[in-house]
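Q: quick one, what's the 3D model for this:
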Amino acid sequence: MIKVKVNNKVVEVPEGATVMQACEAAGEEIPRFCYHEKLSIAGNCRMCLVDIEKSPKPVASCAMPAANEMVIKTNTKKVEKARKGVMEFLLINHPLDCPICDQGGECDLQDQSLYFGKSTSRYQDSKRAVNEKNFGPLIKTVMTRCIHCTRCVRFMDEIAGTHELGAINRGEGMEITSAIEGGITSELSGNIIDLCPVGALTSKPYAFTARSWELNHFDSIDVSDAVGSNIRIDEFNGEIKRILPRENEEINQEWLSDKARFFYDGLKNQRLDKPFVKKNNKLVSSDWNKALDTIIKKINDNSPSEMAAISGALTDTETMYTAKEFFKGINVKNIDCRFNLSQVPFSNPNDWLFNSGIENIDVIDKLLIIGCDPRREAAVLNSRIRQRWLTGSLDILTISTPEDLTYKFNSLGNDISILSDLNTQIKIKSFFNNANFPMIILGDSILSTLQGDKIHKIVKNISKEANLIRKNWNGFNVLNKYASRVGGLSVGFVPSEGGLSSVEIKKALKRKKIKVLFLIEADDFLLNNNDLEDVFIVYIGHHGDRFAGNSDVILPTSAFTEKKSLYLNIEGRAQFTKIVTSKPGVAVDSWKVFKALDQKLSSVIKYNTHEGLLKQMFNDYPLLRSQNNAQKLKWEVEKNNKIKLASEINDFLVKNFYQTCCISRSSENMANCVREILEIKKVNNGST
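A: Numbers count the residues shown, from 1 in each chain. Below is the predicted model:
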């Protein structure tokens with residue numbers, strides 16, 4: 001630690017800290033445009049000037065290292081004059097279009113010109129104008145407003161890792177532009193909207209729809225993937241206007257994927273707002289009592305072994321818990337939350353959790369990624385891996401992953417069978433030699449193959465033998481890509497003894513052994529329509545998605561922005577969504593569907609309120625109350641070195657990042673991304 005005097009106040013800061021950090025440690029606010037805590041230092045806006053003793057002129061505090069016994073002044077006449085001069089230069093070419101700028105009310109330039117700028121301008125010549133750029137369907141540009149802070153350029157280089165933006169020309173002719181015409185293809189591109197300190201980059205879907213001071217803010221969580229990113233939902237007049245990231249260093253830092261940020265418009269499209277019952281091969285609107293009575297009749301007409309239930313990607317934990325209690329009451333054992341046919345074991349939380357914790361990616365030194373596409377399955381988590389890799393302290397090895405991850409790695413190939421090869425296992429163990437914080441990320445994608453159960457056992461064995469499991473460290477991690485998965489496994493929405501798994505339910509449907517199928521928001525269950533002939537389908541969900549039209553009964557439910565509901569992220573962290581907008585029509589929270597059915601049948605469910613449900617669920621599953629307790633559970637390995645895998649080549653590339661659930665498939669914003677951005681990628685890859 002070193003001692004620094006800031007405005008006659010002595011503070012201690014770590015060696016290597018900048019003058020700006022020392023000033024902030026002393027409680028002084030330093031204006032800045034180009035500096036950002038998560039990006040490299042550029043030092044090009046010069047707004048952060050301070051006075052340092054023995055320095056002949058003001059110094060850019062963001063780029064100057066603090067030295068022991070340094071004396072700093074932040075409020076001298078010289079500093080004040082310098083900042084006013086910098087602000088005057090910044091405003092020379094800036095258009096006076098605040099009344100029509102979407103950044104109005106949230107603009108750093110507006111705020112700092114008020115506190116640190118002059119009240120008049122001496123500039124009389126014509127302002128320069130810059131042509132607009134096409135940054136794609138999500139980002140609106142007004143590049144005449146750009147002050148060349150280069151935050152967007154540095155973000156794309158350092159965090160997103162796609163190197164799609166840069167500066168061209170020099171001096172007054174300098175412009176920020178994309179490397180390739182047509183837009184930005186990164187899955188994290190929307191973050192440059194938040195980073196832009198002026199109105200040069202704003203949200204295209206949000207443009208001219210509301211003013212920042214009119215919005216109501218709600219803290220919630222993202223359900224577009226399983227990371228559980230913290231978000232802020234902004235609502236106006238009963239409609240969601242935008243979604244922004246909420247800072248949480250333990251999960252998403254301050255970033256958010258484009259899907260999570262922009263898929264909100266899908267919440268108002270193709271919504272189910274009343275029950276439907278099929279009559280004469282046509283769905284007709286009904287009321288709740290008739291719809292429930294139709295289901296009860298089918299339940300009574302079929303044996304428990306002829307019924308099954310599958311939950312989907314967005315199903316909340318309360319619904320799966322209540323559904324499990326209901327099906328247990330009528331002796332139905334064929335239930336599963338693994339709608340993508342994953343064969344991940346469900347007896348021990350260590351088998352399905354991201355045991356190391358997301359935040360600990362910041363310290364790992366050896367990483368093996370197996371059978372997944374972290375760039376598109378968990379974009380924010382992938383950016384964290386890149387940030388760690390950029391420090392030079394991380395070596396990465398992969399098996400069966402795409403080639404375009406945003407960091408360099410050594411690949412052992414895309415043939416799944418090499419995992420059971422003895423030489424490959426020796427290479428992996430050698431790779432982890434002397435690793436202080438080793439990590440394996442095993443994709444749920446590869447566990448969804450026919451050999452998924454064998455792969456899980458092999459990787460668990462490797463983790464044990466390579467010393468990834470230690471007293472205070474568990475380096476075995478499963479990357480789930482669906483928001484509901486960890487919650488479903490945690491409350492036991494899986495087949496009980498003698499019950500059929502999702503893989504077996506699919507086979508039973510093909511053999512016409514299942515007569516009644518409950519699909520709880522399970523729009524992505526891997527079935528063909530031919531498999532559903534002669535099956536009575538009960539669809540419980542909030543969007544008229546893939547299976548809704550094939551159903552015999554449709555029951556409308558609320559989406560994640562219309563209810564308080566519990567989701568567990570990949571590391572087992574329990575988080576709640578919040579009520580932002582009202583439910584459409586007569587839709588209800590989905591757990592109430594099973595409560596209503598139970599009242600007409602077995603009456604085993606005793607709670608009547610959401611609070612009572614949570615109390616009962618937490619009593620049955622105490623681990624839901626806390627975070628990351630799975631690391632403390634016993635680590636069990638079924639040792640078997642004789643498992644052999646058949647050859648299967650797959651890189652598990654996610655071909656469509658933008659449409660992975662019923663909400664994103666109903667989103668016009670995401671449809672625009674598919675139409676424009678995915679086409680750009682095809683052209684760039686030379687496939688068209």
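
Q: mind listing the helices for the stretch 301-450 of the chain?
A: Listed in chain order, the helices of the stretch 301-450 of the chain (DSSP state H, counting those that start in this stretch) span 317-329, 374-377, 379-390, 422-431, 444-447.

Q: for Val142, which of those helices is the nearest?
A: helix 379-390 (26.5 Å; Cβ to Cβ). Just so you know, the C-beta spots here come from the backbone N, C-alpha and C atoms, and that holds for glycine as well.

Q: list the contacts of that closest one.
A: With contact meaning Cβ atoms under 8 Å, 6 or more residues apart in numbering, helix 379-390 is reached by 38, 158-161, 187-188, 225, 227, 229, 251-253, 255-259, 358, 361-364, 367, 374-375, 394, 396, 405-408, 479, 570, 657.

Q: same check on stretch 144-156?
A: 33-34, 36, 39-40, 42, 44-45, 90, 93-95, 97, 101, 109, 127-130, 162-167, 174-176, 184, 186, 189, 191-192, 195-201.

Q: what mean pLDDT does it get?
A: Averaged across stretch 144-156, the pLDDT comes to 94.

Q: assign a three-state SS to Ser186, would you?
A: coil (DSSP: H, G, I helix; E, B strand; the rest coil).

Q: show me what contacts it?
A: Taking Cβ under 8 Å, 6+ apart, one finds 156, 160-162, 164, 258 in contact with Ser186.

Q: now the helices for the stretch 51-200 of the chain?
A: So, for the stretch 51-200 of the chain - with DSSP H, counting those that start in this stretch - the helices run 77-91, 108-116, 151-155, 191-195.

Q: what is the burial count for Lys578?
A: Applying other Cβ atoms under 10 Å, we find 15 residues neighbouring Lys578.

Q: can I assume it sits in a helix?
A: No. Per three-state DSSP, Lys578 lies outside any helix segment and is coil.

Q: surely it and Asn216 touch.
A: No. If you go by Cβ atoms under 8 Å, Lys578 and Asn216 don't touch, sitting 11.2 Å apart.

Q: and of the helices of the stretch 301-450 of the chain, who's closest to Met617?
A: Nearest of those (Cβ to Cβ): helix 317-329, 5.0 Å.

Q: could I get the CA-only coordinates of the lengthiest helix in the chain as CSV?
A: Secondary structure of the chain per DSSP state H: the longest helix is helix 668-684. Output of helix 668-684 as CSV, limited to C-alpha atoms (Å, rounded to 0.1, in the frame of the first residue of the first chain):
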residue,chain,number,x,y,z
GLU,A,668,-39.9,-9.0,-33.6
ASN,A,669,-36.5,-7.8,-32.3
MET,A,670,-35.1,-11.3,-32.3
ALA,A,671,-36.7,-12.0,-35.7
ASN,A,672,-34.9,-9.0,-37.1
CYS,A,673,-31.6,-10.3,-35.6
VAL,A,674,-32.1,-13.6,-37.3
ARG,A,675,-33.0,-12.0,-40.6
GLU,A,676,-30.0,-9.5,-40.6
ILE,A,677,-27.3,-10.7,-38.2
LEU,A,678,-27.3,-14.4,-39.0
GLU,A,679,-27.3,-13.6,-42.7
ILE,A,680,-24.2,-11.4,-42.2
LYS,A,681,-22.5,-14.3,-40.4
LYS,A,682,-23.3,-16.6,-43.3
VAL,A,683,-21.8,-14.1,-45.8
ASN,A,684,-18.7,-13.6,-43.7
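
Q: list of residues touching it?
A: 136-138, 180, 182-185, 205, 258-259, 262-266, 269, 656, 658-659, 664, 688.

Q: need the buried ones from the contacts of stretch 144-156 selected in PyMOL.
A: The buried residues among the contacts of stretch 144-156 can be selected in PyMOL (16 or more other Cβ atoms under 10 Å) with this line:
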select buried, resi 33+34+36+39+42+44+45+90+93+94+101+109+130+162+164+165+176+184+186+189+191+192+195+196+197+198+199+200+201
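
Q: so which of the contacts of stretch 144-156 sit within strands?
A: 165-167, 175-176, 201 (DSSP state E).

Q: mind listing the strands in the stretch 201-350 of the chain by residue range?
A: 201-203, 216-221, 230-236, 239-245, 276-279, 282-285, 307-311, 335-336 (DSSP state E, counting those that start in this stretch).

Q: dump the ones you listed to CSV, plus mean pLDDT and distance to Glu12.
A: Below are the strands of the stretch 201-350 of the chain laid out as CSV (pLDDT from 0 to 100; distance: least, Cβ to Cβ, whole Å):
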stretch, mean pLDDT, distance to Glu12
strand 201-203, 96, 38
strand 216-221, 96, 34
strand 230-236, 97, 31
strand 239-245, 96, 32
strand 276-279, 95, 67
strand 282-285, 94, 70
strand 307-311, 96, 53
strand 335-336, 96, 56
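
Q: mind checking the SS state of the residue nearest to Glu325 when sequence neighbours are not counted?
A: Computed as Cβ to Cβ, 6 or more residues apart in numbering, the closest residue to Glu325 that is not its neighbour in sequence is Ile605, at 5.4 Å. The three-state assignment at Ile605 reads coil, by three-state DSSP.
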